[in-house]
Structures are given as C-alpha cells and as structure tokens.
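Undergrad: A predicted structure for the sequence below; I have some questions about it.
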Amino acid sequence: MPLIHRKKPTEKPSTPPSEEVVHDEDSQKKPHESSKSHHKKSNGGGKWSCIDSCCWFIGCVCVTWWFLLFLYNAMPASFPQYVTERITGPLPDPPGVKLKKEGLKAKHPVVFIPGIVTGGLELWEGKQCADGLFRKRLWGGTFGEVYKRPLCWVEHMSLDNETGLDPAGIRVRAVSGLVAADYFAPGYFVWAVLIANLAHIGYEEKNMYMAAYDWRLSFQNTEVRDQTLSRMKSNIELMVSTNGGKKAVIVPHSMGVLYFLHFMKWVEAPAPLGGGGGPDWCAKYIKAVMNIGGPFLGVPKAVAGLFSAEAKDVAVARAIAPGFLDTDIFRLQTLQHVMRMTRTWDSTMSMLPKGGDTIWGGLDWSPEKGHTCCGKKQKNNETCGEAGENGVSKKSPVNYGRMISFGKEVAEAAPSEINNIDFRGAVKGQSIPNHTCRDVWTEYHDMGIAGIKAIAEYKVYTAGEAIDLLHYVAPKMMARGAAHFSYGIADDLDDTKYQDPKYWSNPLETKLPNAPEMEIYSLYGVGIPTERAYVYKLNQSPDSCIPFQIFTSAHEEDEDSCLKAGVYNVDGDETVPVLSAGYMCAKAWRGKTRFNPSGIKTYIREYNHSPPANLLEGRGTQSGAHVDIMGNFALIEDIMRVAAGGNGSDIGHDQVHSGIFEWSERIDLKL
Amino acid sequence: MSPLLRFRKLSSFSEDTINPKPKQSATVEKPKRRRSGRCSCVDSCCWLIGYLCTAWWLLLFLYHSVPVPAMLQAPESPGTRLSRDGVKAFHPVILVPGIVTGGLELWEGRPCAEGLFRKRLWGASFSEILRRPLCWLEHLSLDSETGLDPSGIRVRAVPGLVAADYFAPCYFAWAVLIENLAKIGYEGKNLHMASYDWRLSFHNTEVRDQSLSRLKSKIELMYATNGFKKVVVVPHSMGAIYFLHFLKWVETPLPDGGGGGGPGWCAKHIKSVVNIGPAFLGVPKAVSNLLSAEGKDIAYARSLAPGLLDSELLKLQTLEHLMRMSHSWDSIVSLLPKGGEAIWGDLDSHAEEGLNCIYSKRKSSQLSLSNLHKQNYSLKPVSRVKEPAKYGRIVSFGKRASELPSSQLSTLNVKELSRVDGNSNDSTSCGEFWSEYNEMSRESIVKVAENTAYTATTVLDLLRFIAPKMMRRAEAHFSHGIADDLDDPKYGHYKYWSNPLETKLPEAPEMEMYCLYGVGIPTERSYIYKLATSSGKCKSSIPFRIDGSLDGDDVCLKGGTRFADGDESVPVISAGFMCAKGWRGKTRFNPSGMDTFLREYKHKPPGSLLESRGTESGAHVDIMGNVGLIEDVLRIAAGASGQEIGGDRIYSDVMRMSERISIKL
C-alpha cells in the first residue's frame, strides 16, 4: 500500500489531463478498499478473545477427562490385576485361597479389637458449625471435614478437660460393625485384608465381630458412657453359644491389646463395677488371644506426643522447613491445636511406658544395650552380622534408658558427669503474658520461665522420671490419667488395691485369668527403626507456645547409627519397640509366673519386615510396619490357622528374628 | 464488491506492470481461510463445552457458598420440638426393617462378581444391576430346593443402622426417624437396627444367620445396660410379622428350637411394639407378584408400551427373570393373604362392602382435585345402577368373571387337574428361560383361566398347582389359615408363629401393641387377569397377566386392578384388623389382654416440589417421614403410654369392616 502511494506522485506530473480524471477515481476507491480490509482484520482478531480461549481450553480438558473416565469405568475389574501380573509375574495366592485349598474351614468365632486411631467415629450431636454432619464420619472416612471446618472438627474431636467425657452439646460415638475399622481412609486398609481372607474359609458377619469403641476415652469410661465392655461380653457369649460352644479367638491390634487386658479383668470382676462373668468366664469363652503389634509396656512415642505434640515425622518436617511450623506469620498454631486435642484424650496416657527403670533401663543401662541399627538394605544386614561376629564395636552403645535428654552431649555422657538439678519441687514461676498464644490454651500457659528452665536443667530423664516430668508439665491431664491408668510394677499382686480398674490394663500390675487352656500370642513386625529415646532442646523463640521441641540437628550420617534427627531408634515395627511387644510373652508370662498363675501358654511370632518391591505392590504383603502388618500374608495365615482350630504348635511355636530373649534376660523383674 | 475490487486491482497493476504483488496478497489470504475452516467445528465444540463447564462450576460454587435463605429452611422437626418440651430418651429402641428395605452385601460369589466383596448388592446405588444384570440376579436368588444359599454364593444382611436408613441415596427409609430419635438423646447404645436377610423364611434367618438369637441377646443387653428399662420395638411392614415370629420363638424352650427365654421373657423385656404399616394379614400384592411377577405399576407400563416387556424379537424376558428370583425368596409367601375367606371375603361378600373409593392421589394437583370433585358428583346416579365390586375375588380371569353371580362361574377344583401331559410340542419355550410354568400343559392353563375367580382360600390352591415346588418349600415355613383350637400342640410349630390368626400373643399384660399406618391411598385389593397371547411357535413363559386395558367407571378399577383404602401397599384390613378386633380386649389371640391402639395417619400429598416426599405422607415407606408418626414414636420411646398419646385415632372404616368379619374370638 505505501509503495503504491509513493509511486502515484511520480506518475502524476507525466499524466495528461484526461488521465487525471481516471487518477482521481482510483484514489477515491483505494482508500475505501483499504478501510474495508482493515475492518475485516479487526473483526477476525476480536473473534477469539482471551475468555474464549479459556473456554476452549476448559472444554478440551473436560472432554479429555471424561474420555479417560469412561475408559477407566469401562475397564473390566480384573484389568489392573492382569497388568500387575504381566509386569511382576504371577502373584502368590492370598492366604485365604491357599488355606481353603488345604481344607481349612471356619471354626472358632473371631473378635477384632481395633487400636487407637483406626476405629471410626461419627457425630450424633453437635454445635451449630457441624450442621449437616449428623451420623457422618468425623474420623476414619474421607476426612473432608478437616479441610472445610478445621476448628469445628478439632472442637468436636476434643473431650471435656475435666471429666474426659463428652463436652456439653457434643456427642461423637464409635461406628459399629466391621465397617468401623476395615479401612482408615479410602484405599488405606486396616482390617479389610484380614476380613477378606477369613471370608474365604467361610467366615461372615455372624462369626466375626468388630469390637469398636471410642478410642479417645479411657478404658473404664467406654463402659461408663457407652457400655462397650458389656456389649463385647454379650457379643462374645452370643457368638460362642450360636457356634456350637466353640470358644472365641480374640485378635486385638495396637492399643486394643491393652483394652482387652482391661476387658479380661473387667469381665470376671463382680458387678456392678465389673461384668459379673465370674472367675472362669475367660476359660469358658476364649480360646486364644492373638495380639498384633501390642504395646504391652507402652511406647516411647506417647511421651513425645504428650510432651511436645511431636514424633519423628513432625521433627523431620520441621528440619526440612524450619520456619513453617514455628513461625506465626500465618498464625496456624497447628501443633498447639493438635496438642490441645490429644491431651483431652485419656487413651493416649494408656500407652506411656510402664514398668519404669526396671523395664526400660536407667542412666547407664538398658535391655537393648549393644543393639546396632542396621539399615534396611540387605547388604547392611550382612555387614551388621559380620561386625557382631567379629566383636568389633564401631561406636559406643546407645544409652536407651535416657528417654529424654536435653542436648546430645548429655545423652552420651557418663552418669557421673551428669549434674541433675531436681525439678520436682521447683516453683513454676510467673508465666509470661504471651499474646500470640492466647488463641490456644494449653497447660504450658501456667508455666513460667523458671519452670521451663528447671525442666531443662534436669537434663536427662529415664522412663520413670518421664512420668514425673509429665506430672509436672501437665498436672491436670495427668491427674485425670492417673485416675484411669497406672505405670508401675506390682509388689504383691494379691493386694486388694489391684482390684481397681486403673491397674487392669498394665500387664505388670495384673494377673492373667485362670484359664490354663487359653493361649496368648504376640505377633509383631521387626526390622524397622522405631523411636526409643529423644534429644530435646528448649524452644527459645519468644513467640513459641510449646517451649520444648526435638533437637533435629542431633543427627549422625552414619547409616549404622541409631540417632536420626534427634531420635534414637531401636528394632521394632515403626511404632512399638520389640521390648514392649515381646517381653511379656518372652519372659514375664512364660510358664507359671506371678503374672500368669495358671500357666497359659505364650508364643512369640515375629515377622521380619520386607518392603514392597515396587509401586504396584501397594503396601506390600510382607510388611512388618505397625498397621501394614495387617496385610502381611504370613501373619494372616497364622491367624487363620488358629481360628480354624490350630494351636501354637500347629503354626510352629515361636518365630524370632530379633534379640528379644537376650534382652529379656537383662531385665531383673521378680516373676 | 470484492471481485470487482480485485479485478480493478489487477487491471491497475497490469497497467503499472507490477505482476508479483497480486500473487503475494492472494497467498496471504488463503492460509487464513484454511485455518478458520479447519478449526471452526472442533474448536467451537470445545469452546461450548468449556463455556458450559465454567457456567456449571460457577453456579455450583454459588450454590454451596450462599447460605440457605430463612424462607426455604425446613420446618422444625418433631425431635427438636419434643426435645425443647423436655422429652428425653428413656426406653431403648429396636428397629425391625421390613422386606426390601434392608441392605444386603456379598460375602462370597461367582467369578462374574469379582471385585464386589462386601459391596452392597441391595440397598445402595444399584449400579451393579446395570453393569452385570444376570450376575446380579444370580447372586440375589436363593436355592430353589432349600431356600438357603446356592453353592458358592453368600449374600448377607448389612449390620447396623446403616442397613436400612436409606434404601437408595436420598431415598430414606428409617433415616428421618433415627435423626429425630437422636435429637432426644438416642445413640448407638440405646438404638439398634435388627437387620436380617429378608429373602429367607423367618425360621431360616435363625438356622443360617442366628438373627433371632442375636436379636434376643441385643434386647437383653440393652435392657440390662439401660437401667433395666424395657425395650420399645418398632417393626415396619414385614418386620411386624417377623417380630411376631420372634415373640413366639423367644419364649419357646431351647430343645424345641426356640430361644429359651421362658414364658415371662416378653413381659420382662418389652414395653411396647409399635408396628408401622404392619402386614399382619398379608397383602394381595403378593399374589400378583407370585402369579405373574406383576404389580399395578408393571401392568400400567405394559399398557403404555405393549412390546417393551414381552418382545420376542429382543428376547428380553425381564419379568421372567424377576419371577425366578422372587420365587426363590421364601419371605414373599409370608405376605400372602391370611385368614382365607373369613377375612378377605368369598365370591359374593367381603368386608369392604359399601366402600366409597374417592381418594387423594399421592401427588395431586388442583386440577386433579377438581376432577375428583366432578367424579364425586357424577358417581351418585351411576352407583344406583351398578353392582358393588366383589373384592373377595382376589384373582378373576376376565372382567365378566369378576362381576357374575357365583352360580354362573365355572366350578373348577384345581386340585383335580393334571399339570403335565405328554405332548412334546408344548414344551417348547420362548427363549432360554425355564420356569415351573413350562411343566404345565396348555389345556390346564386354559382350564384354570376359563371364566373362573379365586378367593383368598382358593388362590392358594391355584399357586400350589402352578408352582408346586415353591409352595411346598414355603408352606414348610408359613401358614395362612385360622386356628380352631389355639391350645392344640401343633401350633407350637414355627410355621404358625408369624400368622396372628394362628398364634397367641405372649403373656404380658403390661405390654402395649400399636398399629400405626397410613390411610387414604388407593391400595391394590384384587386383580383381573387374562391369558397372555402367544404365537403358535412356542409357549409363553408367563401365561397369565393382568388385563391392563380394563378401567371401570369409578376409580376403584384401574389398569386391571381393584383398589381399596390403605397405604399403597397394605390394605387397611390387613394393617388394622388385629388391633381393632382380633387382639382387642381379652380374646383367644390375646389371652393376657394387653392394650392395643390404632393410630391412622391420613395421607396428605406434599404441597410443592421442595417438600420432596412430604412430611405428612401416608404411603407405605414415606410414612417413616410423617411428622405425626415420628412424634408418636418419640413419645412412646420416652415413656408415654397409649392413652397419653391420645389412644385410637381412626379415619378409615376399619371398625365397621372388622364388625363384618365373623371369626371366633
């Protein structure tokens, strides 16, 4: 166009007058033409605006999504299994199918007792903010409500600070039936695999029972508020009578193990405090108790949970993102809310370490002394074995008896170098008015600087002292807990004071029932580093609401070291140390002892952890982890054999991979 | 214009001898056209879908984020109101679901049911029906010989309150009642759903599942753990006769196959039985279900689309599959009419004589109300001429047979007929389906259908003739007669226990028996059948069907079905007769003279779409959301007696009907 314009003036001087007329006409038409073309272009450009492009993009995404969803739903149910088998080879038969071919049939009724956290809870009455949640799952479902209304959810999941029972206007109850604990979340099984395998040999609703209870309460309060123990007794009696008198096989998991210890004492105690079943109820109705991952003597993890709302997972998260959980920029106060909620739950106190220094060790000794933490890799196992054979000790042994140490140096120092300043009588002092913490009140608000310093200056705490520490830090909570639980060792088991319900869940302060034909199994995983002791530090930040935290900088890079991110690890199933799970069956209850006066047979079955080989295996069929072990094929097979009528000798007596017998010998306990 | 412009351009350029430029402009224009032409269709579709998705998401977001206006909020529920009045949970409550509403889940199945372990086969989204219908039918059927599980299949009742609170998503059964009970303090420890496998006979629920033992244990436990307060039992529909069976079972000694509770168990543990929509004397609907797998709904659907259900071309055979499945369920036989002609009438007389059958429809509009008004006006002259309907004829073949005097009907003794003949040609069946009808000869089919009518007594003979295997299996578990001497030891057999006319109520003078049901809805009472037309090639698998083309001058006869007053499923006489007369005061059926109360709830359809199923509905399942019924149940559970909630409340003719029924009391 501009070229044409330029050429026109060159033509002008040479044209005659008649041509001038033609030129005028051309000049008139050309601007019109250019204006039209310009108009067309602008129209075309405006047709696809930014909004239209967005709509187009959303349309493409939707169509693709729907197409893939259609393909997924049209896929036959066996397709994923087919793909898995093509990649990894044929899967082994599940134990249910395998034992069905062997001819095993359902015989004894089976009772499941879920542990802490895995049982579902639903809302029956709530505040205004919980509208629309009637009989919806608050715990053990999709957990969608945690994201929608987190403070409302925390409020409803908390119990009353004073009584340990329901707050006013809130009723949250356990879900009943097998659905209570078969899945913790969609796709995350707990009991579902075991239930499915038992169903293969003929079990169904009438001879399987999930003894769901509100795991937040103390054990006796589940009877006071919900009559859960009465219901369990009634159901066991019904299942035994309708199954031709065959005794029940009880399968507790995790805290359910302690709960069932409590139940066995309760059921034989006279009414109204007890169940009125009489001294031979257990002998009449129970064939075997198969404890899975049982924290008989408590777990050190509970101390960290109550002391600072932490475990190694939170400590690792804090190490990765130092400012996230501590900073108050977002005012999240996540840990404070979690601490306030969990401190209202009495049941967490049932798992504090029991037996004190006699079981868990003192300043200079512990049962697991000399334990070397092997890495999970196979090669390291060989190296560890060789080192053991050679007797070469690369490092000084870990002082596991020091459950809480303030600073890494005192965790390793000789006892004579530790200069304890007793905290028990220390005055807590004036509390700082802390403005940033007023939203979430915990009992730390009652502590002043002097109290905090007194705790840190004590430096090292053993198991018994850790209980005293919690009494000092949270007296209200521990007063409520001490009314329901006990952590000592009985001197004289025939003393009438041990008829109080608070002693019933402590295996060191209670006798097993008089049932010589009953069997007690302890089934647990080994080979996973498990929290045993912690290195703490003061949280000096003036904005902090929890003055203590795990010292994550205390870390040794050596793969064979037991100290990782401020936590000393020992052999176990990721949650329960071997000592807690296995000691009672290995020594304290073995043969006739004062804890086992009728000589009930005890067996130990350990399952060495073998992680899943690839992602397609999911959580693995040979896992030894605390919850994943419920899908361990070997464990499922053992349970099914006992449920079908076998006893300890039929499944091969003891199966031990850890040093539980060696460690038990070091514990000096009167038997 | 454009071609002219182009021509001029070319001409001017040619004069100037500048040839290359026009080509360049042409090449520039062509790619644009191609691009727009190529993308427009697909891009427009994507654009449209994206537009719709965005609009949808925006509206959904607004809907969820905007609070509900006060105008649209639900009216106050009876639980909230009674809680404010001080009504508190007192007696433990046991809910007993009826047929169909309890959920079933799969515990063991065939390979075609892979992936369905412990998934719901019944009482959830029912998506598996659409994916694998034959597999689903196979798993829901029972063994035709034993009435128990087929080999390799185990389908069990879902336990807990979730068993029957919703039948399908958003279709509540017990959920509204549970929610209102929770508002006055009920929860899992004093509220229990006694779910059972409703497909089995009542005795087999104990043989296979120990359901009765579990219910006994649960009642005793809730009695003991709730301060020794007696239990209030709330059965619904078939659950009412199931609980009658339980009341006899629990007091029968253990060696006789009972619960061993002893004669005083009911007096000790049960305060009252609040029967909702009870099918005490059976329902005529069960007859048509067993005879031809039909109800009024299917007959209506068939008249709308004649070829849909029966098409030989497609070989659908939908009804045949349903019939085979329902014939394997023993519990349907428990709902056959009981008491015979004494209760339901004979060929010439019945209890509902003089019935005025103007009813409100379930969901009526103003136009329909005006129509009813017109019908009411026009009915008067017609009724003078027309003979009254003969409800006693539960099944009639042909409309004439339903109206003729009994002397003109064919006198046919079904028992003397021979079922099978040796003609092999008749054994050819349409499609692959086989049923007990295939064993019948054409001649016997024609004979039973020729100008005949059947009463409540003779229809049992007809069923025994048509389906002898099923009836033999079922009559080992149920009985449908009237007892002559209730002290006869034969009535200790469990097959008599669920029939209120052949059993005594327990010795519990302080116990109360309530009958709560809806009235004012047309309910199926009797049927007019016809022979199914079949081609000469093969014999139809179901030779009888309801004559859907028949409509009477009044609203009592519609779609081949005669209607009476009731709650859509259970006629008033079945729900209310026992509380109105059979058990009232001291009778041979109620020797201890426990109090009985009738509470009727007049059906009022929902006023608008927003009310969904309504809060004053009298329909068989919707009544569970009836505000009046919920209030009565809550008051009884909180400790009130029948007198305190108002005693009897009657809208129907149940008292007059009961007077016409002459049985020994």
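TA: Nice, I can see it.
Undergrad: mind pulling up the pLDDT for residue 424?
TA: Going with chain A. Among the per-residue scores, A:R424 holds a pLDDT of 67.
Undergrad: ah, I was thinking of chain B
TA: Taking B:S424 on its own, its pLDDT is 42.
Undergrad: doesn't B:T205 belong to a helix?
TA: Yes: B:T205: assigned to a helix according to DSSP: H, G, I helix; E, B strand; the rest coil.
Undergrad: that one: what's it in contact with?
TA: Under the criterion of C-beta atoms under 8 Å, 6 or more residues apart in numbering or on different chains, the neighbours of B:T205 are B:196-197, B:211-212. C-beta: built from backbone N, CA, C; applies to glycine.
Undergrad: and if we set it to 10 Å?
TA: Contacts were defined as C-beta atoms under 10 Å, 6 or more residues apart in numbering or on different chains; by that measure B:T205 touches B:157, B:196-199, B:211-215, B:242, B:245-246, B:331.
Undergrad: all helices for the stretch 401-550 of chain B, in order.
TA: All helices of the stretch 401-550 of chain B, identified by DSSP state H, counting those that start in this stretch, fall at B:442-448, B:458-466, B:468-475.
Undergrad: isn't B:S441 right up against B:F465?
TA: No: the pair B:S441 / B:F465 is not scored as a contact, 11.8 Å apart, by C-beta atoms under 10 Å.
Undergrad: and the helices of the stretch 401-550 of chain B, which is most packed in?
TA: helix B:458-466 (a mean of 21; mean count of other C-beta atoms under 10 Å in any protein chain shown).
Undergrad: tell me what that one is packed against?
TA: Applying 3 or more C-beta pairs under 10 Å, 6 or more residues apart in numbering or on different chains; DSSP states H and E, one finds that helix B:458-466 makes contact with helix B:285-292, helix B:340-344, strand B:395-397, helix B:442-448, strand B:453-454, helix B:468-475.
Undergrad: if we go to 8 Å?
TA: helix B:285-292, helix B:442-448, helix B:468-475 (3 or more C-beta pairs under 8 Å, 6 or more residues apart in numbering or on different chains; DSSP states H and E).
Undergrad: out of the ones you listed, nearest to chain A?
TA: Closest to chain A of the helices and strands packed on helix B:458-466 is helix B:468-475 (C-beta to the nearest C-beta; 22.9 Å).
Undergrad: now do that closest one, average pLDDT.
TA: 81.
Undergrad: which strands or helices does that helix pack on?
TA: Against helix B:468-475 (3+ C-beta pairs under 8 Å, 6+ apart) you get helix B:458-466.
Undergrad: the helix it packs on to helix B:285-292, inter-axis angle?
TA: 30 degrees (axes from the mean of the first three to the mean of the last three C-alpha atoms, to 10 degrees).
Undergrad: quick one, helix B:458-466 and helix B:468-475 angle?
TA: Going by the same axes, to 10 degrees, helix B:458-466 makes 130 degrees with helix B:468-475.
Undergrad: send the alpha carbons of helix B:458-466 over as PDB?
TA: Extracted C-alpha coordinates of helix B:458-466, given in PDB (Å, rounded to 0.1, in the frame of the first residue of the first chain):
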ATOM      1  CA  THR B 458     -58.700 -70.900  46.500                       C
ATOM      2  CA  VAL B 459     -55.900 -68.700  45.300                       C
ATOM      3  CA  LEU B 460     -53.500 -70.800  47.500                       C
ATOM      4  CA  ASP B 461     -54.700 -73.900  45.700                       C
ATOM      5  CA  LEU B 462     -54.000 -72.100  42.400                       C
ATOM      6  CA  LEU B 463     -50.500 -71.300  43.500                       C
ATOM      7  CA  ARG B 464     -49.900 -74.800  44.600                       C
ATOM      8  CA  PHE B 465     -51.000 -76.000  41.200                       C
ATOM      9  CA  ILE B 466     -48.900 -73.500  39.300                       C
END
